[in-house]
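Q: Need coordinates for the below:
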Amino acid sequence: SDANECTTDGCKAGVGCVNQPHNLSCEDGDKCTSGDQCNSGACKTGTSKVCDDSDKCTTDACDPKSGKCGSNPVFGCGGYCKDASHCNDKNVCTDDTCAVPTGAKSGKCAYKPNTKACNDGDDCTTGDICAAATCGGGEGVEVLTAAGSGTKGYKDDNPKIAEFDNPAGIAVYAGNIYVADVGNHSVRKISANGLVSTLAGNGKAGYQDGYGKLTAFNKPSAVTTDIKGNVFVADTHNHRIRRISPQGAVVTLAGNGKGGFKGGSSSDAQLYLPRGVAATPLGAVFVADTNNHRLRLVAPNGKVTTFAGNGDPKAVDGKGAKASLAWPAGVALAPDGDVYFTELSPSSRVRRVTQDGVVTTIAGKGDGIFDGIGVIARLHNPRNIAVDSGGAIFVTDKNNHRIRRINAVGFVSTLVGFAGAGFKNGGLGVAQLHSPDGIAIDAFGRIFFSSWHNDVVRVVIDSIDNCNIGGKCYTSGLRKPGSPCQVCDPNI
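A: All right, here's what the predicted structure looks like:
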């Protein structure tokens with residue numbers, strides 16, 4: 001026997017062993033083949049077994065030892081993965097991960113929808129955000145100049161000729177815009193027709209109650225109004241809160257003029273460089289008492305108490321005296337009664353005080369620039385703050401030269417501001433700001449803000465005045481009534 005299954009072995013007299021090839025069936029040792037047959041003394045492989053699990057994302061093969069079909073995943077196809085690098089679905093609105101069971105060599109991709117900032121490709125919208133794994137929900141915006149020639153100075157006139165000198169805090173009431181004009185030591189008024197006038201202040205640093213231009217302020221930096229039309233002023237370098245009646249009469253509401261910390265009656269209380277004010281409907285005023293690292297509350301009769309903060313210049317959340325504030329600046333009252341405030345650099349936070357005195361941080365944690373949720377987001381020297389009727393929060397991110405928006409879930413996005421400091425009107429990806437400071441929202445949802453180094457007051461309008469043609473954002477509505485996308489002006 002020659003141990004060859006493809007020969008017939010025998011012994012022939014006078015010859016010896018004879019191994020005669022035959023054409024019978026045989027077994028080639030591969031269990032993935034069938035119909036093997038002898039040919040010329042050798043076992044020739046028959047028909048190979050076909051393995052196909054109908055999954056285009058696997059490679060299928062037969063195991064020659066067992067004869068069973070098996071499959072191996074193609075990583076990156078059909079959700080098969082070995083690590084997260086195989087799971088990129090190229091959708092910014094999903095977080096891609098690879099879930100590999102313990103002991104397994106491969107797993108399946110998981111795509112979890114997120115709420116990150118995104119760009120929906122429409123240049124006429126800003127503040128796009130991911131929802132249900134889809135980018136959208138942004139607002140169409142454009143920045144225009146509301147008043148100011150852009151030349152530093154002091155001039156009352158029509159909106160294109162008027163001059164400001166480092167305009168800061170802004171308030172709106174009954175169609176009028178009130179501006180704390182820091183460098184001109186005055187409070188200016190922009191009427192509904194755009195005419196700029198001086199409400200109070202003589203243009204020189206000083207302190208004097210009285211009427212209109214016979215009064216004096218020292219670097220007023222914030223204004224707010226109540227339902228009666230009274231204008232409250234953070235007279236910063238006089239360490240006082242002043243009140244201007246609708247007729248222009250100026251009185252001191254609180255502060256004795258000495259920088260310090262003391263509660264009590266109007267004439268006894270002390271503030272230290274207050275930079276933010278927010279009035280309640282009935283004339284009480286929340287004050288960002290910046291250098292005392294506290295929020296103060298001034299009653300309508302001028303009595304001053306501490307609302308939040310213990311004087312320790314640290315950003316520590318908590319209730320009552322356990323909370324500490326670091327350089328509070330802008331302050332705003334929300335429709336639900338909560339108080340929101342900004343903290344200057346290096347804290348660079350936006351924080352909230354509930355009606356029962358609990359202080360929490362809702363956005364930011366030190367200087368930087370990043371859109372994201374809560375303390376993951378970064379701002380740089382946020383100056384002032386406004387809350388709209390729906391609870392959305394808008395912040396002048398001064399050193400980032402942007403207006404930021406915080407939505408209901410705490411996501412921080414950029415509303416307007418592009419490519420650093422500058423002065424350029426237009427939509428998203430076009431408009432440039434230079435150190436935005438004050439901010440206020442009128443009854444029509446228009447966002448007015450001051451541009452400190454541009455020496456102008458500007459306004460953000462919504463998508464009714466914008467249209468998208470060929471991926472470019474053009475403006476029309478305010479200039480040419482009608483359907484914006486029929487009358488776009490490509491020159492703007």
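Q: where does this structure have low pLDDT?
A: Counting by pLDDT under 70, the chain contains low-confidence ranges at 122-127, 137-140, 427-429, 462-492.
Q: What's opposite the spatially most central residue of the chain in the beta bridge?
A: Nearest to the mean C-alpha position of the chain, by CA atoms, centre = their mean, lies Ser413 at 1.7 Å. For Ser413, the beta-bridge partners are Arg405 (DSSP bridges).
Q: My read is that it contacts Asp371, right?
A: Yes - using CB atoms under 8 Å, Ser413 is in contact with Asp371, at 5.0 Å. Yep, even glycine has a C-beta here, placed from its N, CA and C like the rest.
Q: ok, Ala234 touching Arg275?
A: Yes - assessed by CB under 8 Å, Ala234 is found in contact with Arg275 at 5.9 Å.
Q: overlap in contacts of the two?
A: 221-222, 288 (CB atoms under 8 Å, 6 or more residues apart in numbering).
Q: Format the residues you listed as CSV; extra columns: distance to Asp388 and neighbour count.
A: Shown next, in CSV, are those (distance: CB to CB, whole Å; neighbours: other CB atoms under 10 Å):
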residue, distance to Asp388, neighbour count
Ser221, 23, 29
Ala222, 19, 30
Ala288, 20, 34
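Q: Distance to Lys365 added to those residues, as JSON lines?
A: Listed next are those as JSON lines, based on distance: CB to CB, whole Å:
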{"residue": "Ser221", "distance to Lys365": "25"}
{"residue": "Ala222", "distance to Lys365": "24"}
{"residue": "Ala288", "distance to Lys365": "19"}
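Q: which residue sits closest to Arg402 in space, ignoring its chain neighbours?
A: Excluding the flanking residues, the one nearest Arg402 by CB to CB, 6 or more residues apart in numbering is Gly417, at 3.0 Å.
Q: Show me which positions of stretch 205-219 end up buried.
A: The neighbour-count check on stretch 205-219 (16 or more other CB atoms under 10 Å) flags 207, 212, 215-219 as buried.
Q: Spell out, range by range, the strands that occur in the stretch 301-450 of the chain.
A: Listed in chain order, the strands of the stretch 301-450 of the chain (DSSP state E, counting those that start in this stretch) span 304-308, 318-319, 328-333, 339-343, 349-353, 358-363, 372-373, 382-387, 393-397, 402-406, 411-416, 426-427, 436-441, 447-451.
Q: Neighbouring strands - and their directions - for the second one?
A: For strand 318-319, the pairing partners within the sheet under DSSP bridges are strand 358-363 (antiparallel).
Q: Can you tell me what sits against the strand it pairs with?
A: Against strand 358-363 from outside (CB under 8 Å, 6+ apart): 308-309, 315, 317-319, 323, 325, 340, 349-354, 374-375, 377, 379, 393, 395, 406, 410, 412.
Q: so how far does stretch 206-218 reach from one end to the other?
A: 5 Å (CA to CA, to the nearest Å).
Q: now do stretch 312-319
A: 14 Å.
Q: Stretch 327-336 too?
A: For stretch 327-336, by CA to CA, the gap between its terminal residues amounts to 25 Å.
Q: can you pull the buried residues of it?
A: Those would be 327-334, for stretch 327-336 by 16+ other CB under 10 Å.
Q: Ok, stretch 298-318 next?
A: 298-299, 302-304, 306-310, 315.
Q: Any idea how many residues pack against Pro101?
A: 9 (other CB atoms under 10 Å).
Q: Then Leu297?
A: 18.
Q: picking up where we left off before, now the common contact residues for Ser413 and Asp371.
A: The contact lists of Ser413 and Asp371 share Ala117, where a contact means CB under 8 Å, 6+ apart.
Q: so how far does stretch 133-144 reach from one end to the other?
A: 33 Å.
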